[in-house]
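J.: sequence-free structure coming up:
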């Protein structure tokens, strides 16, 4: 039984290291991922046959994790501004996973398996509806398209993760700065 647990731990460590590696270096090799996971390439190949197989596992992991975090953030309040703020924080907490997921969606066609992205697409639709609602209420600028605001949202998460990685901003200030910057960039005041 212990061996099974160790195998699952190794598989998860490979996926986590692959997400972090590919988020910063999309052309990284499997050898680079193996080094990051502190395993041999041969061990990596016991779990994943090739880079495509590993990327599919990463995508499943990211979709599951980020969708759950975003859904929880969305459902945590009935107030649209609070929902948006908490969704930004959830994206920051997902950090590399969210960045890599959005990068994958921009660079590649959607996976051939619709059920894989269904939950993520549902929460993304809720996010778009939330922005439409806030624009309709005059709380955020109608001069900005929803697509532009979505890119700002992803960009703010990217900036926050980069600041965290660089160590130039105190960790405890990151979310406050991110929300202040994002909310002002879309015309939300107070």
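T.: That came through fine. From a predicted model like this one, the values you see are computed outputs, not experimental measurements.

J.: and the chain, what are its domains?
T.: The domain map for the chain lists 1-48, 60-185, with the assignment taken from automatic domain parsing.

J.: Would you format those as a markdown table with mean pLDDT included?
T.: Listed next are the domains of the chain as a markdown table, based on pLDDT from 0 to 100:
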| stretch | mean pLDDT |
| --- | --- |
| domain 1-48 | 86 |
| domain 60-185 | 86 |
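
J.: Can you lay out those as a markdown table showing distance to residue 54 and mean neighbour count?
T.: For the C-beta atoms, the positions are set from N, CA and C on the backbone; glycine is no exception. A markdown table is the format used below for those (distance: least, CB to CB, whole Å; neighbours: other CB atoms under 10 Å):
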| stretch | distance to residue 54 | mean neighbour count |
| --- | --- | --- |
| domain 1-48 | 4 | 15 |
| domain 60-185 | 10 | 16 |
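
J.: what packs against the longest helix anywhere in the chain?
T.: In the chain, assigned by DSSP state H, the helix with the most residues is helix 51-75. Judged by 3 or more CB pairs under 8 Å, 6 or more residues apart in numbering; DSSP states H and E, helix 51-75 is in contact with helix 2-24, helix 30-36, helix 80-94, helix 96-107, helix 114-136.

J.: That one to helix 2-24, inter-axis angle?
T.: 80 degrees (axes from the mean of the first three to the mean of the last three CA atoms, to 10 degrees).
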